[in-house]
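> how would this look folded up:
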Amino acid sequence: MSQFITLANFLLFAGVRTAPGLFESFGFDRSRPAFIAFVLFQYLVSPVDEVIGLFTNIVSRRFEYQADGFAVQQGKGIELKEALLKLEETNKASLSVDPLYSAYHHSHPHITERLAAIDAALKKGQ
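Numbering: from 1, shown residues only. Modelled structure (predicted):
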């Protein structure tokens, strides 16, 4: 996925670099400096990059929940909870994270969200 995004960025940059109308609209009639092309590209692609980042976070978080569900199905739910709590203790992360902030900025669900999902899967399996 990241390789596709990188390729798309290079192709979009090539399009910006060779777009004469874009440079003319910013007062560059004859020359097309690479630095200016890069700056314009950053301005144009940053909103798209935010949407792509949100999408990749959603996909990554979904995969993480699926992996946790698989561990519960294999009978390792309790062990997974214990391992997550040990990791949390080692990392000393905050236990109070806003769910929307976490969903937008973090590629993995917060430990409280994961523990709740594991508990729900354990109750469902019993």
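> Mind listing what's buried along the helix or strand of the chain with the lowest mean pLDDT?
Lowest mean confidence among the helices and strands of the chain (mean pLDDT, DSSP states H and E): helix 20-25, at a mean of 82. Neighbour-count burial for helix 20-25 flags Leu22, Phe23 (criterion: 16 or more other CB atoms under 10 Å). For glycine as for every other residue, the C-beta is placed from the backbone atoms N, C-alpha and C.
> Could you do stretch 79-90 as well?
The neighbour-count check on stretch 79-90 (16+ other CB under 10 Å) flags Leu80, Lys81, Glu88 as buried.
> what helix or strand does the last one sit in?
Read it as Glu88. Using DSSP states H and E, Glu88 maps to helix 77-91.
> Who are the packing partners of the longest helix along the chain?
Ranked by number of residues, the top helix in the chain under DSSP state H is helix 34-73. Counting by 3 or more CB pairs under 8 Å, 6 or more residues apart in numbering; DSSP states H and E, the packing neighbours recorded for helix 34-73 are helix 2-17, helix 20-25, helix 77-91, helix 99-105, helix 111-125.
> That one: how far from the chain's middle?
Its chain's C-alpha centre and that of helix 34-73 lie 4 Å apart, by CA atoms, centre = their mean, to the nearest Å.
> Check stretch 117-126 too.
Worked out by CA atoms, centre = their mean, stretch 117-126 lies 27 Å from the chain centre.
> buried sites along that stretch?
Under the neighbour-count criterion of 16+ other CB under 10 Å, stretch 117-126 has Ala117, Ile118, Ala121 buried.
> Looking at these, spot the one nearest Lys92.
Nearest to Lys92 among the buried residues of stretch 117-126: Ile118, at 21.0 Å, using CB to CB.
> any idea how far the spatially most central residue of the chain is from Lys86?
What sits nearest the mean C-alpha location of the chain, by CA atoms, centre = their mean, is Asn57, with 3.1 Å. Going from Asn57 to Lys86 by CB to CB, to the nearest Å gives 25 Å.
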